[in-house]
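J.: structural data only, the sequence is not supplied:
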């Protein structure tokens, strides 16, 4: 094995060579030293240095260019082709964070980052995550670490109460529901779809035991908004079921009548509608499907209604935004991502179901090495039956730390601040006659564009991102190329938004000068 | 909203009540204070305290009872029913770690923990994870953070070289393969199955465009060992395909001829064999399917062979254990969990495929908000097309820190030490005529039992776990109830194994006295 030696590294190539010619006993000595290298005393020191590095990084993140300049393949040339035989020094590793990693990082927590949707970051969540890593239990069953399972159940109840979810969805009630942390909203959508598929297959086979699962599945049809996230379509692909996109109205929302007509047509054609994934806060424009219209239709037709509020859900802890969630009482399952906008670092996607048995029924199998004494007591939850993976981290610690150290009022204030910043940006756009707003600004996302062609707006976005001062991504709304301005970082302040707008306006001016009208 | 007040908590109930009667403006003031509470200066302090807490926890873990005494529902009674309106103090939160969490933790990193399989824990991985949390990028595409994607690709090459995987599986070669970090082996198994399903549907439809996907899927049949992990059967359930269990030989391994006969029978019945999940290191007994026999059959029949070596894979970095991986050259995909036995904290399940296009083909969809300039260059990897979730953490940092700070020699020494400890335990069992060894001890797992009935052994296990000194879980081998002794913790030493054996032997003596022969 040949190792690429970097000139700035204090490695003696001869020493490495001689290693391979040593006796086994000599090698064992070297190995023992190696495994002892980072002991608990050194961890105390290095851990504290890392805390300072992290604090420095986040304190000074504005000074870093938000989007990197690197070209594809940049990193491979900066590090050896193989892992070292003997340990590198810790100093070398730390030095390489700035030399190798940081030049290629897109800084999601920079207040100049306005792309995609936010991903949460807070100090309480980071502290809890450190603790979670140290406990390092794999909470697939109650017995695998009771605290891991029980704190999760109770935190989902806390959060459900913050959202004023119907009692049906909470575990600590007389209902049959409860919550779980999934890794991502994509997984929640898929888990709900699989539970719905399993439920309808069971229902149909109960009436008609001779009908095969394959035959039933071949007739199933699931629905979502034509604005829904790509992961919804993907869930259909994974589950092997037809997934149809329901057209949206001028607000990019699915209305009850549109859905009813489409579904009826499918029923008349012999298909079996079984699942509707409603979106509250779509990715392109933060639109809201009309779940108060859709819910009763789904209930009447025994169609599983799942609500994906990945981004917007966090806002529902504020009474003024809670009305968007009206209609959740019709849903079979509901999901949103505290790891987007509720200060809980990724990953933490919270999902509630009205009937635990529905979700467990899609997955349950119990080999002996996973059984434990309390399993059949009815009091315990084995979360492995609620999700795609088997293993799981102790993620509810992050929720616990964040909820307690911000308090509900603190979390509400955080949401309101971001919404206020988006409104501020919207006002600036509306004041500039060259621009237009392309969708209602309800939460922290502003969809806007230059009045003019898609090509013009594509060029505008290219120039904005090429300047590297701020970072945005586009979307398509009713065939139009639109720029998305999403308030993302925890530390974004009014002056950042003002700067961002001034920068965009300036680039637009240059662009309009360059291009003849 | 009524908050349950704990007697030992310094909360003024009147203050909370008066809060709800304050004016909005007063409340806003409180909120601003709340959101500012944990600033970067406080994080520096609290982060360092947390490092010390973690160091203390791991340094003194032996003094904690390995398996908790709590009953289901214990935690809910210890904390309020709702999140606080205003922040709790950090001191309260930290105090509650010992009061609420630790009494319910199963200590996976205690040297008295011998249950399931190990889950990795090392200081370098914890440091890297802290950094990963701070960078907090969501690396679903190259552009979302180039360093996140590129370090992963190169780390998978580093690890692939440590395992001496064929070049076909590495990204930095002329081949068409490459690696990815999945969350768990369950996801890797499912992703491989979906890729295989998608590939065979495309192949059949290329010859016969009128044949529907549903019809093809209804004829598909996948296979795994009857010893395979429950997640394999679950993957079949999710993908909606038939999954058959192939009987194993006296070593609990699948042999080529058994599989060939079963598959031929299915083909004769009009079914379409398309996927075989081979296991290297089964969960019950660490048995190895004969992939040198199975691989050529799969290749000849165009059946996707996936290899799941979740636990055992880490050992293949040692030349003496690498022969178990012979035959990997016939596989389409291969997976194991560095988060089990290679000192990289959960989650980090590494998967390689021979043809990137196969895995991407099962998932790819590209909405505009996820597109970026470099996408079509052929040089970049967008890992969202390789996995079930969309979002992903910067997990390769953990591999980078661990590989560099242990070195290959250090990692090999670690594996060898665990295998040595298992052999030591095996010797003790063999020396005691009351016991028998139930499967070859090859790596870090010993399957053993008292000579006698299943009932006797169930009682033995119950008594061992009830004593709370060590923790074990059982398995079933050829109808026999068997105890599994898995060397798990990083800090397990010979004297712990000796103590564990003495303890088991003593409980066995008591049991044999209590029960008439």
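T.: Good, I have the coordinates. From a predicted model like this one, the values you see are computed outputs, not experimental measurements. Residues are numbered from 1 along each chain as shown, chains lettered A, B, ... in the order given.

J.: mind pulling up the pLDDT for residue A:173?
T.: On pLDDT, residue A:173 comes in at 81.

J.: let me fix that, I meant to ask about residue A:254.
T.: For residue A:254, the predicted pLDDT is 98.

J.: thought residue A:394 was touching residue A:130?
T.: No: using CB atoms under 8 Å, residue A:394 is not in contact with residue A:130; the gap is 11.3 Å. No exception for glycine: its C-beta is placed from N, CA and C like everyone else's.

J.: ok, those two, which is more surrounded?
T.: Neighbour count, other CB atoms under 10 Å in any protein chain shown: between residue A:394 and residue A:130, residue A:394 has more, with 27 against 24.

J.: distance check, the more buried one against chain B.
T.: 9 Å (CB to the nearest CB, to the nearest Å).

J.: specify the local secondary structure of residue A:265.
T.: helix (DSSP: H, G, I helix; E, B strand; the rest coil).

J.: what's near enough to touch it?
T.: Residues counted as contacts of residue A:265 (CB atoms under 8 Å, 6 or more residues apart in numbering or on different chains): none.

J.: now it: how far from chain B?
T.: Residue A:265 is 20 Å from chain B, by CB to the nearest CB.

J.: distance check, that residue against residue A:243.
T.: 16 Å (CB to CB, to the nearest Å).

J.: now swap in residue A:273 and tell me
T.: 12 Å.

J.: cool, and residue A:317?
T.: 31 Å.

J.: for stretch A:386-401, buried residues please.
T.: A:386-401 (16 or more other CB atoms under 10 Å in any protein chain shown).

J.: the residue sitting nearest the centre point of chain A: what's it in contact with?
T.: By CA atoms, centre = their mean, chain A has its centre lying nearest to residue A:184, at 4.8 Å. Contacts for residue A:184 (CB under 8 Å, 6+ apart) come out as A:231, A:337, A:347, A:349, B:389, B:390, B:391.

J.: near chain B, which residues of the stretch 401-517 of chain A?
T.: With CB under 8 Å from any CB of the partner chain as the criterion, the stretch 401-517 of chain A meets chain B at residues A:401, A:403-410, A:412-414, A:417, A:473-476, A:481, A:484.

J.: now the residues you listed: which count as buried?
T.: A:401, A:403-410, A:412-414, A:417, A:473-475, A:481, A:484.

J.: next, residue A:335: phi, psi?
T.: Dihedral pair for residue A:335: phi -150, psi 140, per degrees, to the nearest 10.

J.: isn't it up against residue A:306?
T.: Yes: in terms of CB under 8 Å, residue A:335 counts as a neighbour of residue A:306; the distance is 7.2 Å.

J.: now stretch A:67-78, how far from the chain's geometric center?
T.: 25 Å (CA atoms, centre = their mean, to the nearest Å).

J.: counting contacts, what elements does the helix or strand hosting residue A:245 pack onto?
T.: In this structure, residue A:245 sits in strand A:242-246 according to DSSP states H and E. Helices and strands touching strand A:242-246, as assessed by 3 or more CB pairs under 8 Å, 6 or more residues apart in numbering or on different chains; DSSP states H and E, comprise strand A:220-225, helix A:230-239, helix A:256-268.

J.: compare those and give me the one nearest residue B:258.
T.: helix A:230-239 (30.5 Å; CB to CB).

J.: check the offset of that closest one from the chain's centre.
T.: Distance, centroid of helix A:230-239 to centroid of chain: 16 Å (CA atoms, centre = their mean).

J.: related to what we said a few turns ago, which of the buried residues of stretch A:386-401 lies closest to residue A:280?
T.: Nearest to residue A:280 among those, with distances taken as CB to CB, is residue A:399, at 20.4 Å.
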